[in-house]
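Asks: Return a 3D structure for these sequence lines:
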Amino acid sequence: MPVCLFASALYVATSQLSFLTALFCLHISDKQALFRTFAREIPHYVTPMIKALFLDIDGTLVSFATHTIPASTQLALRQAHEHGVKIIIATGRPYYCIDNLSSIQDLIDGYICTNGSNCFVGQHTVHLQPLPDKAVRYIMQQCDIHQIPAVIVGIDKVAVYHFTQAANEACYDLIHVDWQKLSSPLEEVLQEPVVQVSPLNTAEQESEFFPNLQDCLSTRWCEAFSDITPLGVDKGKGIGYMARYLGFPISETMALGDGGNDVPMFQCAGIGVAMGQSQPDVQAQADYVTSDVDHEGIAQALRHFGIID
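Replies: Numbering: from 1, shown residues only. Predicted coordinates:
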């Protein structure tokens, strides 16, 4: 019998207690399919006990319009944290470029940075995976040939490459980061493990400019640029590393995001929530689509799944 039909019959024919008992006995793949079938309709019956929230920053926690965290989001996260739910940041930014979370800083239990290539809790590194040197040299070579502005991200420092004032202003307008001001000398950054390179190019330009990109994964959350990280690294893998380290099952996690680089989180977490302003292809990968970042999107999702009142 198809899982959705089985779930329907099971839910109608049994009490809440026997439903949950039968759910426990299902094969894990059937559990996941059953949950995704009912997540929008009966969240309080099938939502697992959420132990951790994994939250993207730009467009999820932080508004593109105000570059701040809405008050409703701050309150919702405080309530969740008071209930014992861990708050973990999952971003494409390097840690030293996160300057917009001061209002919830005391709530944060860990970080997935640079799309999963650098994960840590406090001073403890949970996972660190740099780009191969050969890949970094190839990306820089292609940037030289096509005069592509790029941000080269090390563990502790960042360098801009072929950056123009126009490129810097475009980045500042989007995410309020002044890369030129933050930039260190390139030779210093290249002495560190390079965990990400972010060229400013469209999706069409990317396939033209980087035809032989190997041992790397390129993701994007906006049209303006892509994030190139080591192959096998993404935010979803980061959830796995953090869950193992902190001691809870991935099935008891919720991931919230709005960009293409958040899709691996939706596919990995127990529940994936897309923000209302995200693109249709991103929303299609989520279990639930909430309202946008400026209209209580985070609070709405947490209330929907019974994480807060």
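Asks: hey, where'd the strands end up in the stretch 151-300 of the chain?
Replies: For the stretch 151-300 of the chain, strands defined by DSSP state E, counting those that start in this stretch occupy the ranges 158-161, 194-199, 216-219, 227-230, 253-257, 271-274, 288-289.
Asks: so which of these gets nearest residue 241?
Replies: strand 253-257 (12.1 Å; C-beta to C-beta). Using the backbone N, CA and C atoms, a C-beta is placed for each residue, glycine as well.
Asks: which neighbours does that closest one have in its sheet, and in what orientation?
Replies: Looking at strand 253-257 with DSSP bridges, its partner strands are strand 52-55 (parallel), strand 271-274 (parallel).
Asks: picking that back up, can I get the strands of the stretch 151-300 of the chain in CSV including mean neighbour count?
Replies: Formatted as CSV, the strands of the stretch 151-300 of the chain follow (neighbours: other C-beta atoms under 10 Å):
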stretch, mean neighbour count
strand 158-161, 21
strand 194-199, 25
strand 216-219, 20
strand 227-230, 25
strand 253-257, 29
strand 271-274, 28
strand 288-289, 20
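Asks: Nearest approach to residue 184 belongs to which of the ones you listed?
Replies: For residue 184, the closest of the strands of the stretch 151-300 of the chain is strand 158-161, at 5.6 Å, according to C-beta to C-beta.
Asks: which helices and strands does the closest one pack with?
Replies: Where contact means 3 or more C-beta pairs under 8 Å, 6 or more residues apart in numbering; DSSP states H and E, strand 158-161 is packed against strand 150-154, helix 179-182, helix 186-190.
Asks: hey, which helix is longest across this protein?
Replies: helix 133-146 (DSSP state H).
Asks: mind listing what's buried in that helix?
Replies: Residues of helix 133-146 classed as buried: 135, 136, 138, 139, 140, 142, 143 (neighbour count, 16 or more other C-beta atoms under 10 Å).
Asks: Could you do stretch 68-82 as well?
Replies: 68, 69, 70, 72, 73, 74, 76, 77, 78, 79, 80, 81.
Asks: Relative to residue 76, how far out is residue 92?
Replies: For residue 92, the distance to residue 76 equals 23 Å [C-beta to C-beta, to the nearest Å].
Asks: before we move on, the earlier item: the longest helix of the chain vs strand 150-154, what angle?
Replies: For helix 133-146 against strand 150-154, the angle by axes from the mean of the first three to the mean of the last three C-alpha atoms, to 10 degrees is 160 degrees.
Asks: Hey, what's the angle from helix 133-146 to strand 194-199? Just curious.
Replies: Using the same axes, to 10 degrees: helix 133-146 against strand 194-199 is 20 degrees.
Asks: picking up where we left off before, any chance of JSON lines for the helices and strands packed on strand 158-161, columns distance to residue 210, mean neighbour count and mean pLDDT?
Replies: As requested, the helices and strands packed on strand 158-161 are exported to JSON lines (distance: least, C-beta to C-beta, whole Å; neighbours: other C-beta atoms under 10 Å; pLDDT from 0 to 100):
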{"stretch": "strand 150-154", "distance to residue 210": "11", "mean neighbour count": "25", "mean pLDDT": "96"}
{"stretch": "helix 179-182", "distance to residue 210": "20", "mean neighbour count": "15", "mean pLDDT": "92"}
{"stretch": "helix 186-190", "distance to residue 210": "19", "mean neighbour count": "15", "mean pLDDT": "97"}
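Asks: so which of these comes closest to residue 269?
Replies: strand 150-154 (24.7 Å).
Asks: re earlier: I'd like the helices and strands packed on strand 158-161 laid out as CSV, including distance to residue 109.
Replies: Putting these into CSV (distance: least, C-beta to C-beta, whole Å) gives the following:
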stretch, distance to residue 109
strand 150-154, 23
helix 179-182, 26
helix 186-190, 29
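Asks: between those, which gets nearest to residue 243?
Replies: Per C-beta to C-beta, nearest to residue 243 of the helices and strands packed on strand 158-161: strand 150-154, 24.5 Å.
Asks: In the sheet, which strands lie alongside the closest one, parallel or antiparallel?
Replies: Partners of strand 150-154 in the sheet, by DSSP bridges, are strand 158-161 (antiparallel), strand 194-199 (antiparallel).
Asks: now those strands in CSV, with distance to residue 298 and mean pLDDT?
Replies: Output for these, formatted as CSV (distance: least, C-beta to C-beta, whole Å; pLDDT from 0 to 100):
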stretch, distance to residue 298, mean pLDDT
strand 158-161, 28, 96
strand 194-199, 25, 96
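Asks: Make CSV out of those strands and add distance to residue 291.
Replies: Below are the strands paired with strand 150-154 laid out as CSV (distance: least, C-beta to C-beta, whole Å):
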stretch, distance to residue 291
strand 158-161, 33
strand 194-199, 29
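Asks: which one of these lies closest to residue 309?
Replies: For the strands paired with strand 150-154, distance to residue 309 was read as C-beta to C-beta. The smallest value, 38.6 Å, belongs to strand 194-199.
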